[in-house]
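**Q** sequence and predicted structure are below.
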Amino acid sequence: MNRTELEIKLNQDRAWLLETFAAMPEADLHRRLTPSQHNPEAQWSAKDHFAHLIGIEVAFTRIFKRHLEGDAHPIGILISKDGTRLTREEVMAIVHANNEDWVNKHHDKSFDELVALGQQVRAETLTLIASLTDQQLNTKIPDAPWGDGTISGIMAINGDHARRHYSQVQAALTGKE
């Protein structure tokens, strides 16, 4: 994906995300809807799902920066401290714990505060994109399981991720889980 296509996709997906979540009734935005993947007794609201999406963009940007700095394992959570590869179950437990930590950290923010945080994060993403060459945008992240594994391909899946989370929210709201 070239930089123009990437920016178009990021902007269209962000606009969709904002329009879709902003159109939700306030009660639906705050209602507990889906069980946390980390702690099934905890319930995420639509606003928590929105916050989660911001956290994923932050995580991806950190991965890209580590990769560009030469880190051999920029994803970070695939390898244990002793150098052994973690199982998928172990990796997913870390991912779910990190997601829960992020959501809990931002749970008490208003929707408008989350929109502002998302703007800040997106500005950092766009700044990073602008600083990269076309070749860098198309480099593969070692062991990346997302998209085509390239920086641009991974960045581009944010909107797809948002649509999956919105589908979960809608299924919970309509009782069609």
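**A** Looks like it came in fine. Numbering: from 1, shown residues only.
**Q** now residue 74: how far from residue 116?
**A** Applying CB to CB, to the nearest Å, the value for residue 74 to residue 116 is 28 Å. Any C-beta I mention is one placed from the backbone N, CA and C, and that applies to glycine too.
**Q** tell me the contacts of the most centrally placed residue in the chain?
**A** Nearest residue to the geometric centre of the chain (CA atoms, centre = their mean): residue 56, 2.3 Å. Residues counted as contacts of residue 56 (CB atoms under 8 Å, 6 or more residues apart in numbering) are 99, 158, 161.
**Q** which stretch of helix or strand covers it?
**A** Element membership for residue 56, per DSSP states H and E: helix 46-68.
**Q** now the angle from the helix or strand following that helix to helix 46-68?
**A** Next in sequence after helix 46-68, counting helices and strands by DSSP H and E, comes helix 88-106. Here helix 88-106 runs at an angle of 120 degrees relative to helix 46-68 (axes from the mean of the first three to the mean of the last three CA atoms, to 10 degrees).
**Q** what does helix 88-106 rub up against?
**A** The contact list for helix 88-106, computed with CB under 8 Å, 6+ apart, reads 36-39, 42, 44, 48, 51-52, 54-56, 58-59, 77-78, 86, 114, 117.
**Q** returning to what we had before: for the residue nearest to the centre of the chain, give me the pLDDT.
**A** Per-residue confidence (pLDDT) for residue 56: 95.
**Q** swap in residue 159?
**A** On the pLDDT scale, residue 159 gets 82.
**Q** give the contact list for it.
**A** Neighbouring residues of residue 159 by CB under 8 Å, 6+ apart: 9, 10, 12, 13, 14, 16, 17.
**Q** what is the neighbour count of residue 72?
**A** Residue 72 has 8 neighbours, counted by other CB atoms under 10 Å.
**Q** for it, which non-adjacent residue is spatially closest?
**A** Leaving aside its chain neighbours, residue 72 sits nearest to residue 142 (7.0 Å; criterion: CB to CB, 6 or more residues apart in numbering).
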